[in-house]
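S.K.: need the 3D shape of this:
(chains A, B, C and D)
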Protein chains: 2
Amino acid sequence: MVGDLALPSIDPASDRAVFKQISDHLRHAIETGSLAPGDKVPSESRLIAHYGVARMTIRQALRELQSEGLTVAEHGRGVFVRSRPPVRRLASDRFARRHRDQGKAAFIAEVEGTGGKPSVDSIKVEEAEAPEFVRTRLGLAAGERVIVRSRRYLIDGHPVETAVSFVPAEIARESPIVMVDSGPGGIYARLEEMGYRLDHFDEEIRSRMPVRDEVRALKLPPGVPVFHLVRTAFAAGGRAVEVCDTVLSSDAYVLSYQLPAR
Amino acid sequence: MVGDLALPSIDPASDRAVFKQISDHLRHAIETGSLAPGDKVPSESRLIAHYGVARMTIRQALRELQSEGLTVAEHGRGVFVRSRPPVRRLASDRFARRHRDQGKAAFIAEVEGTGGKPSVDSIKVEEAEAPEFVRTRLGLAAGERVIVRSRRYLIDGHPVETAVSFVPAEIARESPIVMVDSGPGGIYARLEEMGYRLDHFDEEIRSRMPVRDEVRALKLPPGVPVFHLVRTAFAAGGRAVEVCDTVLSSDAYVLSYQLPAR
DNA sequence: CAGTGGTCTAGACCACGCG
DNA sequence: GCGTGGTCTAGACCACTGG
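M.R.: Residues are numbered from 1 along each chain as shown, chains lettered A, B, ... in the order given. Now for the predicted structure:
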């Protein structure tokens, strides 16, 4: 017993590493609800006393849970069972024209609808050579240039998404797309005004662990992967007119798509 | 210099933890290509000699890279920069009827098309009470029963996906759906033969770190998250007739969807 | 066999939070 | 000030890989 929590002892006969036995005990307690979301996991010193092992052994067990996303450590306070934050659902119709026509960008309209306060920061616009993954999607030759719009999206001040859009310079130059404020409805609205009537989007989804810069930009706790989306916008006639590269915190999002059976 | 690799020294004036400075150096080498996929990272003893720190400090730096999915450790051989395995693309039309009509299940047809050898194992069929997330999606009352089909998919002997399907017992009982071999075209073909003409699917996508059982079932290396998909099949008329809960290794998959602009 | 990573010990000092 | 987790040291023995 550690506090109110019943924890078994180490089985010295087992082949399983001691720290794994310990993390198994704690994981079981979390999965069965003996340790509920928000609960404090017994402190390192309590676990050392209970199991009679070195501190590094306990820390290795705790790190395993943290890397599975089951717990978060708070310096000076303790280790806690992670409580899942409210999630945002990204539906596959989120770029439908009926939403865009309200004059709001997709993100703003959607977050306001759920009662949150959306904001956007770190907006940067520049012109550059198109990177290779953008060239292949936009059908550009090596050396061709694009307008690059970067920004970060926040809900109630918490960062949830970074995004970088690429539009062929030939299309975007001399248009509001190169302004920091691209105007009501965002760049998709601007593209349609310029005669590129949008037909559909292709979205590719990957999942992986974040690298250091992404951990910082999205303030990610350890053990949380990211969604990496690359979306290509196609105009009627089949021309690709934009590529958007976005990174989402996976524990703030559920993606939702509709698939045809026909 | 460590072997052919140029590595900076620790900056003792920096606030940044020593092990993080070391992992920064190695991450930079990986991102710039000085350490290419498949390359061996300098061994712990070499890094200890180069940096003049304790072994645990080096190991902490290496663990950081591993938890980001950038490297894999092989006991007795060394630590290597991970080379991405060939990925399988899941397109949003993969359940279209034109594919199903070939008489093959979606997975088999698709993998054979790419030259791999598909297989399925761990097939289990049982009847049980529907869990809550299935009830809400199928519109069932508490206590109602479902046929549960579990299986694991492999390509060339490597596990890539586990899946569990739930079909209302009222529909599936007395049909081939309850057999281990559900017949050509899989259960979607059976449902259509029974008069449930499929209309569309809703697919929800989450990403998270795997728990222990998933690591084992999919033979996942550390630092690799999973996609967790929950797909609901709707028949014409709007009735939900199946829920499928699947877990995919994220580094074997890219998901791909088409979004309407209308 | 030598070299590698995997586990574990028993200490130390520090930075953070909270009362 | 005390308890918490964060970092670091300097060893030890083990298991696996490869020549």
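
S.K.: make it CA atoms for all contacts and neighbour counts henceforth
M.R.: Fine.

S.K.: with only the CA atoms kept, save the lowest-mean-pLDDT helix or strand in chain A in CSV.
M.R.: Among the helices and strands of chain A, helix A:97-100 carries the lowest confidence by mean pLDDT, DSSP states H and E, at a mean of 71. The C-alpha trace of helix A:97-100 is given here as CSV (Å, rounded to 0.1, in the frame of the first residue of the first chain):
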residue,chain,number,x,y,z
ARG,A,97,-17.8,27.3,-49.5
ARG,A,98,-20.9,27.9,-47.4
HIS,A,99,-18.6,28.4,-44.4
ARG,A,100,-16.2,30.6,-46.3
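
S.K.: is it anywhere near chain B?
M.R.: Yes: against chain B, helix A:97-100 shows contacts by C-alpha under 8 Å from any C-alpha of the partner chain at A:97-98.

S.K.: roughly how far is that helix from the heart of the chain?
M.R.: Centre-to-centre, helix A:97-100 and its host chain are 24 Å apart (C-alpha atoms, centre = their mean, to the nearest Å).

S.K.: what ranges do the strands span in the stretch 51-200 of chain A?
M.R.: Along the stretch 51-200 of chain A, the segments classed as strands by DSSP state E, counting those that start in this stretch run A:71-74, A:78-81, A:88-91, A:118-129, A:145-155, A:158-168, A:198-208.

S.K.: where does the closest residue to DNA strand C within the stretch 151-262 of chain A fall, secondary structure wise?
M.R.: For the stretch 151-262 of chain A and DNA strand C, the shortest gap (C-alpha to the nearest atom of the strand) falls at residue A:221, measuring 14.3 Å. Under DSSP states H and E, no helix or strand contains residue A:221.

S.K.: look up how far residue A:190 lies from it.
M.R.: Look at residue A:221 and residue A:190: by C-alpha to C-alpha, to the nearest Å, they are 37 Å apart.

S.K.: dump stretch A:46-55 to PDB, keeping only the CA atoms.
M.R.: Presented in PDB, the C-alpha positions along stretch A:46-55 are these (Å, rounded to 0.1, in the frame of the first residue of the first chain):
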ATOM      1  CA  ARG A  46       7.200   6.900  -1.500                       C
ATOM      2  CA  LEU A  47       7.800   4.500  -4.400                       C
ATOM      3  CA  ILE A  48      11.400   4.100  -3.400                       C
ATOM      4  CA  ALA A  49      10.300   3.200   0.100                       C
ATOM      5  CA  HIS A  50       7.600   0.800  -1.100                       C
ATOM      6  CA  TYR A  51       9.700  -1.100  -3.600                       C
ATOM      7  CA  GLY A  52      13.100  -0.800  -2.000                       C
ATOM      8  CA  VAL A  53      14.900   0.200  -5.200                       C
ATOM      9  CA  ALA A  54      17.200   3.000  -6.300                       C
ATOM     10  CA  ARG A  55      15.700   6.300  -7.300                       C
END
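
S.K.: name the surrounding residues that touch it.
M.R.: Outside stretch A:46-55, the residues that touch it by C-alpha atoms under 8 Å, 6 or more residues apart in numbering or on different chains are A:1-2, A:9-10, A:44-45, A:58.

S.K.: right, is it up against DNA strand C?
M.R.: Yes: legend: contact between stretch A:46-55 and DNA strand C by C-alpha under 7 Å from any atom of the strand is shown at A:52-55.

S.K.: what are the buried residues along that stretch?
M.R.: For stretch A:46-55, the neighbour count (16 or more other C-alpha atoms under 10 Å in any protein chain shown) marks A:47-48, A:50-51 as buried.

S.K.: so what's residue A:60 up against?
M.R.: By C-alpha under 8 Å, 6+ apart, the neighbours of residue A:60 are residue A:19.

S.K.: ok, now how distant is it from residue B:124?
M.R.: 36 Å.

S.K.: beta partners of residue A:41?
M.R.: residue A:79 (DSSP bridges).

S.K.: distance of residue A:219 relative to chain B?
M.R.: Per C-alpha to the nearest C-alpha, to the nearest Å, residue A:219 is found 15 Å from chain B.

S.K.: I meant to write residue A:165 there.
M.R.: 17 Å.

S.K.: cool, residue A:202 as well?
M.R.: Taking C-alpha to the nearest C-alpha, one finds residue A:202 at 5 Å from chain B.

S.K.: for chain A, which spans come out with low pLDDT?
M.R.: Chain A contains residues with pLDDT under 70 at A:1, A:3, A:85-86, A:100-104, A:178.

S.K.: what does it have sitting close to chain B?
M.R.: Going by C-alpha under 8 Å from any C-alpha, the residues of chain A near chain B are A:67-69, A:92-93, A:95-98, A:198-211, A:223-227, A:250-251, A:253-262.

S.K.: mind redoing it with 7 Å?
M.R.: A:68-69, A:92-93, A:95-97, A:198-211, A:223-225, A:250, A:254-262 (C-alpha under 7 Å from any C-alpha of the partner chain).

S.K.: picking up where we left off before, export the strands of the stretch 51-200 of chain A to TSV and tack on distance to residue A:215 and mean neighbour count?
M.R.: Output for the strands of the stretch 51-200 of chain A, formatted as TSV (distance: least, C-alpha to C-alpha, whole Å; neighbours: other C-alpha atoms under 10 Å in any protein chain shown):
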stretch	distance to residue A:215	mean neighbour count
strand A:71-74	15	19
strand A:78-81	20	19
strand A:88-91	19	16
strand A:118-129	16	15
strand A:145-155	13	21
strand A:158-168	11	22
strand A:198-208	12	21
